[in-house]
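> Sharing a model that was predicted from the sequence below.
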Amino acid sequence: MAQERFFILFLPLVLVLLVLGYVQPSLAKETQAEKFLRQHMDPDTSTVTASYCNKMMKHRNIMVGDCKLVNTFIHEPLPDVQAVCFQGNVPCKNTKPNCHKSSSKMHITDCHLKKEAKYPKCEYKTQQLRKSIIVTCEG
C-alpha cells in the first residue's frame, strides 16, 4: 500500500521537475548587453526586404505585450558597433552621461509602427538607411 502511494506521488513529482527544468532557463534575467544584441544587432543585410521589420520584431520577441513604436537594427559587425563607445560623447535622451555617436555612417534598418497597427497585430514600415548611430555604453 505504501509503495502504491509512493508511485502515485512520484509520477507527478517527476513531471513537475521536468517542466521546471525546461522552463527555468527561460526565466534567467537577460543582461543589458544581451538585450541590445537581441533587439538591435543583425549584421546580415541580405535579408532586408519590405517585410523585414514584421519578421524580425516577431522573431526577436521585441513586441511582447505591446507594439514597440520604433526599433533600429544595425547591420554592421559587432566590433564596429562596440568601437563607437570610444568615440565622441553626446547627450543621451534619457539624461545618462554615457552615450556615444559613431563618427562614420552605418547600415541600419529603422522599423516604425504603422499608425493603424494594434497589438497583437503589430505591423511595421521597413526603412533602410545609412547614418550615424548613438549607443549607450556600459562597463
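Great, that's in hand.
> could you point out which element follows the lowest-mean-pLDDT helix or strand in the chain?
Scoring the helices and strands of the chain by mean pLDDT, DSSP states H and E places helix 2-23 at the bottom, with a mean of 37. Next helix or strand after helix 2-23 toward the C-terminus (DSSP states H and E): helix 32-40.
> same question for that next one, mean pLDDT?
Averaged over helix 32-40, pLDDT sits at 96.
> got the contact list for it?
Glu30, Arg60, Asn61, Ile62, Asn71, Thr72, Phe73, Ile74, Leu78, Val135, Glu138 (C-beta atoms under 8 Å, 6 or more residues apart in numbering). Placement of C-beta: from N, CA and C, glycine included.
> how much does the next helix or strand after that helix deviate in direction from helix 32-40?
Using DSSP H and E, the helix or strand that follows helix 32-40 in sequence is helix 52-59. Comparing the axes of helix 52-59 and helix 32-40 via axes from the mean of the first three to the mean of the last three C-alpha atoms, to 10 degrees yields an angle of 140 degrees.
> how far is helix 52-59 from where the chain is centred?
11 Å (C-alpha atoms, centre = their mean, to the nearest Å).
> For whichever helix or strand comes after that helix, which helices and strands make contact with it?
Once the chain leaves helix 52-59, the next helix or strand it forms, by DSSP H and E, is strand 70-74. Here strand 70-74 touches helix 32-40, helix 52-59, strand 106-113, going by 3 or more C-beta pairs under 8 Å, 6 or more residues apart in numbering; DSSP states H and E.
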